[in-house]
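Participant: Got a predicted structure plus its sequence, pasted below:
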Amino acid sequence: MHWLLILLSIISVTSRSILTENHSSNAVSDRLIELVTQGAFRGVTYNRLAALVDTIGPRLCGNESLTNAVNWVKNTMTAEGLDNVHAEEVRIPHWVRGEERAQLLQPRNTKLSMLGLGNSVGTGPQGIRAPVLVVRSFDELNARCAEARNKIVVFNPQCDWKTKPVACYGPVVGYRVGGASSAAKCGAVASLSRSAASRSIDSPHTGVMAYDLSYPKIPAGSLSVEHTDMLDRFQQRNQSIEIFLYMEAQTLPDVIGYNLVAEIKGSSKPNETVLVSGHLDSWDVGQGAMDDGGGAMISWTVLSLLRALDVRAKRTVRCVLWSCEEFGGVGADQYFKAHTNEISTMSIVMESDLGVFHPQGLQFQGKPQAQQIIQTISNQLVSINATQVVSGGGGEDISPWMQRGVPGASLLNDNWDYFAYHHSNGDTMNVLNSTDVDLAAAVWAVYAFSIADLDDLLPR
């Protein structure tokens, strides 16, 4: 409530500071940047995020904490006076972790740093005690398939994270997602994978996995980088390795969740839309501050800034905070199906889900003619040195729109260290700083408003 009162007072003061008539995109962009980086909204986005993640904590899909977060944000948005604030019901999975542990028994007795993976089954009440086979690739597993029977397979994929701190994630995460079924195909009793982490302080990283229903479902977890490498070294020395694994993980029946929506209605083309977004759910470790509380909060701030300045673009600017991205964009897929009639009137879909570190500009995916327009808009960000426009971008939640030809964008930011904290206990407010979050919000707001205020939809 304290933050709500502060926010309302900010809006009251700033809403008298600019007229909606005869505004220009450049002038509004300057005011947006000033308000969020130097004015009354300086620090607001960071402090909103801190209040959310400190008070409610992590927000696992299907968990009550996610519903609490939706209600917390929804009530604040409503009190703030945003347009069309509402929650849209979606059906989401409900996986629970339960108690879990991994214990090295041979060649010495010590606890291993482990987190179960989302969608994994449990071990049963007796746990699993088995020898270990360490492999570095699926090809190696296939070559040694007979050795994997009745063992716990440990995947230790190799990648040069120092030189490719973001690009390594794709190749490595494949073992997290598909390792269990590949191991089960060879008769393994469980699967453990090296955490998809650019660096580590003995910190396991969780994430979603998937089963190939052609093979038995076996328990799946991730190990810290340090402990995975240790097991690999044991095997290289021909030392016997034995692990006890206990996991209570289970998937309960689906529950009702919510995508949260708010808008600033367009002044002359309210049925055409610019969509900004982030996902409100997170994993059940850390605070979910970086992934993706930050992306959700800067998207909310876009509307708050426009409301505070009392300015409306020609088109509606809509913020959607997605539910259950971490389990494969579940809420976003249902949103798309419910809103397919808007494909032709959606100018751009934007999602921030790779950190809100120091911004450099925008990643954009669309026609060359549209990218030229984006490049022109980038000149409005010279004052904060965030003018880069690079091809690419997108996100799990906006991909259905982009697949149908709607231009898409994501925040280009200095996220080289993102995967050091991603899906781990390290994803806390300490990863972020208020100045960078403000700058990220400025970039997001300038692009959202400027695209919404164009005479025409972005070319496609």
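Facilitator: Received the coordinates, thanks.
Participant: And the strands in the stretch 51-200 of the chain?
Facilitator: Ranges of strands in the stretch 51-200 of the chain, per DSSP state E, counting those that start in this stretch, are 83-96, 100-106, 110-112, 114-116, 128-135, 152-155, 190-194.
Participant: nearest to residue 270, of those strands?
Facilitator: Across the strands of the stretch 51-200 of the chain, residue 270 has its closest neighbour in strand 83-96 (9.4 Å, C-beta to C-beta). To be clear about C-beta, it is placed using only N, CA and C from the backbone, and glycine gets the same treatment.
Participant: which secondary structure elements does the closest one contact?
Facilitator: helix 64-80, strand 250-264, helix 330-338 (3 or more C-beta pairs under 8 Å, 6 or more residues apart in numbering; DSSP states H and E).
Participant: and the strands of the stretch 51-200 of the chain as CSV, adding mean neighbour count?
Facilitator: Shown next, in CSV, are these (neighbours: other C-beta atoms under 10 Å):
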stretch, mean neighbour count
strand 83-96, 17
strand 100-106, 17
strand 110-112, 14
strand 114-116, 26
strand 128-135, 20
strand 152-155, 28
strand 190-194, 29
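Participant: would you list those strands in a markdown table and tack on mean pLDDT and distance to residue 224?
Facilitator: Formatted as a markdown table, these follow (pLDDT from 0 to 100; distance: least, C-beta to C-beta, whole Å):
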| stretch | mean pLDDT | distance to residue 224 |
| --- | --- | --- |
| strand 83-96 | 98 | 22 |
| strand 100-106 | 98 | 10 |
| strand 110-112 | 98 | 8 |
| strand 114-116 | 98 | 8 |
| strand 128-135 | 98 | 14 |
| strand 152-155 | 98 | 12 |
| strand 190-194 | 98 | 8 |
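Participant: what does the model give residue 390 for pLDDT?
Facilitator: Reported pLDDT at residue 390 in the predicted model: 97.
Participant: can you pull up the bridge partners for it?
Facilitator: residue 363 (DSSP bridges).
Participant: thought it was touching residue 365?
Facilitator: No - counting by C-beta atoms under 8 Å, residue 390 does not reach residue 365; the two are 10.0 Å apart.
Participant: Look at those two and report which has more neighbours.
Facilitator: residue 365 (19 against 12; other C-beta atoms under 10 Å).
Participant: list the contacts for that one?
Facilitator: With contact set as C-beta atoms under 8 Å, 6 or more residues apart in numbering, residue 365 has these partners: 391, 392, 393, 394, 402, 407, 408, 409.
Participant: go with 7 Å
Facilitator: Counting by C-beta atoms under 7 Å, 6 or more residues apart in numbering, residue 365 makes contact with 391, 392, 393, 394, 402, 407, 408.
Participant: how close does it get to residue 96?
Facilitator: According to C-beta to C-beta, to the nearest Å, residue 365 stands 36 Å off from residue 96.
Participant: who's in contact with residue 320?
Facilitator: Contacts of residue 320 by C-beta under 7 Å, 6+ apart are 259, 261, 275, 277, 335.
Participant: any low-confidence regions in the stretch 101-250 of the chain?
Facilitator: Within the stretch 101-250 of the chain, no range satisfies pLDDT under 70.
Participant: Give the closest residue to residue 279 in space, chain neighbours not counted.
Facilitator: Residue nearest to residue 279 in three dimensions, not counting chain neighbours: residue 325, with 3.5 Å by C-beta to C-beta, 6 or more residues apart in numbering.
Participant: count of neighbours near the closest residue in space to residue 330 that isn't next to it in sequence?
Facilitator: Nearest residue to residue 330, sequence neighbours excluded (C-beta to C-beta, 6+ apart): residue 324, at 3.9 Å. By the measure other C-beta under 10 Å, the count of residues near residue 324 is 29.
Participant: try the one 10 residues further on
Facilitator: Counted with other C-beta under 10 Å, the neighbours of residue 334 add up to 20.
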